[in-house]
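Visitor: I would like the atomic coordinates for the input below:
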Amino acid sequence: MLNFVESVQEAVSGIKDGSTVMIGGFGNAGQPFELIDALMDCGATDLTVVNNNAGQGDQGLALLIKEGRVRKMICSFPRQSDSWHFDARYKAGQIELELVPQGNLAERIRAAGAGIGGFFTPTGYGTMLAEGKETRIIDGRGQVFETPIHADVALIKALKADGKGNLVYRKTARNFGPIMAAAARHTIVQVAEIVPTGALDPENVVTPGIYVNTVVRVPAAADTTAGSTTGTEEKVA
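Guide: Residues are numbered from 1 along each chain as shown. Next up is the predicted model:
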């Protein structure tokens with residue numbers, strides 16, 4: 001069932017303690033800040049979070065980590081100059097980390113959405129990342145078997161949704177959103193605009209509404225993260 005809700009608080013109200021939550025975004029680009037803030041307010045804890053990063057600065061995912069809501073991070077880029085909240089908790093033994101190379105992370109999420117049981121990849125072969133995993137030599141090259149990453153909930157950000165939940169994204173804000181929407185049991189989307197069914201060109205729809213469960217409109221004036229990987233703030237037009 002597709003639901004259009006009035007607030008981000010209502011959108012995330014069903015997220016429970018212990019959930020695995022995928023959060024879209026590549027740094028600030030495409031990170032659903034308002035949904036993350038609402039998740040903070042709803043009180044859910046002991047979360048496993050799947051994201052490209054492990055939070056940055058003092059907003060969004062970084063605040064979830066700072067407040068001890070995240071039990072485990074599954075990501076490809078846990079450390080950068082402003083990931084101090086993750087660094088502090090990891091060094092104190094207060095958060096787990098599953099480090100996944102970025103290409104593997106994307107493919108493991110995609111595999112979950114596609115219903116694939118796993119795949120072999122040369123990435124990580126012969127390193128610590130392959131420990132405990134099945135390995136094979138295929139066509140003369142070492143390969144590691146990787147399993148899908150499923151989630152209870154995905155929180156993603158798109159530019160527009162229509163009345164059927166079909167989504168289009170803004171430039172690089174698209175990043176992990178489409179594959180996370182397909183990999184989660186329940187997908188919650190914040191959009192800058194909701195348009196009538198039929199208003200979106202079908203050729204431009206990236207995420208079909210079949211993968212979307214909850215949509216909430218976050219007005220563009222409140223949405224200050226654009227589709228840029230530079231971290232520069234820019235309002236969505």
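Visitor: Which residues belonging to stretch 205-224 are considered buried?
Guide: The neighbour-count check on stretch 205-224 (16 or more other C-beta atoms under 10 Å) flags 207, 209, 211-218, 223 as buried. C-betas here are computed from N, CA, C, even on glycine.
Visitor: which of those residues has the weakest pLDDT?
Guide: Note: of these, the lowest pLDDT belongs to D223, at 50.
Visitor: And stretch 47-65, end to end?
Guide: 10 Å (C-alpha to C-alpha, to the nearest Å).
Visitor: buried sites along it?
Guide: Buried, per 16+ other C-beta under 10 Å, within stretch 47-65: 47-57, 60-65.
Visitor: quick one: average pLDDT of that stretch?
Guide: Rounded mean pLDDT across stretch 47-65 is 94.
Visitor: and if you look at stretch 94-108?
Guide: Rounded mean pLDDT across stretch 94-108 is 97.
Visitor: pull the CA atoms of that stretch into CSV?
Guide: The C-alpha trace of stretch 94-108 is given here as CSV (Å, rounded to 0.1, in the frame of the first residue of the first chain):
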residue,chain,number,x,y,z
GLN,A,94,30.5,1.4,21.2
ILE,A,95,29.6,0.7,17.6
GLU,A,96,30.3,-2.1,15.1
LEU,A,97,31.6,-1.6,11.6
GLU,A,98,31.2,-3.8,8.6
LEU,A,99,33.5,-2.3,6.0
VAL,A,100,32.4,-3.0,2.4
PRO,A,101,34.2,-1.7,-0.8
GLN,A,102,32.0,0.8,-2.5
GLY,A,103,31.3,-1.2,-5.6
ASN,A,104,30.5,-4.3,-3.5
LEU,A,105,28.2,-2.2,-1.3
ALA,A,106,26.2,-1.0,-4.3
GLU,A,107,26.0,-4.5,-5.8
ARG,A,108,25.1,-6.2,-2.6
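Visitor: Tell me where the protein has strands.
Guide: 3-5, 20-23, 47-50, 70-75, 96-99, 119-121, 135-138, 141-146, 151-161, 167-168, 184-194, 214-217 (DSSP state E).
Visitor: Rebuild the ones you listed as TSV, extending it with distance to A38.
Guide: Shown next, in TSV, are these (distance: least, C-beta to C-beta, whole Å):
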stretch	distance to A38
strand 3-5	11
strand 20-23	12
strand 47-50	14
strand 70-75	16
strand 96-99	24
strand 119-121	34
strand 135-138	42
strand 141-146	32
strand 151-161	9
strand 167-168	19
strand 184-194	9
strand 214-217	9
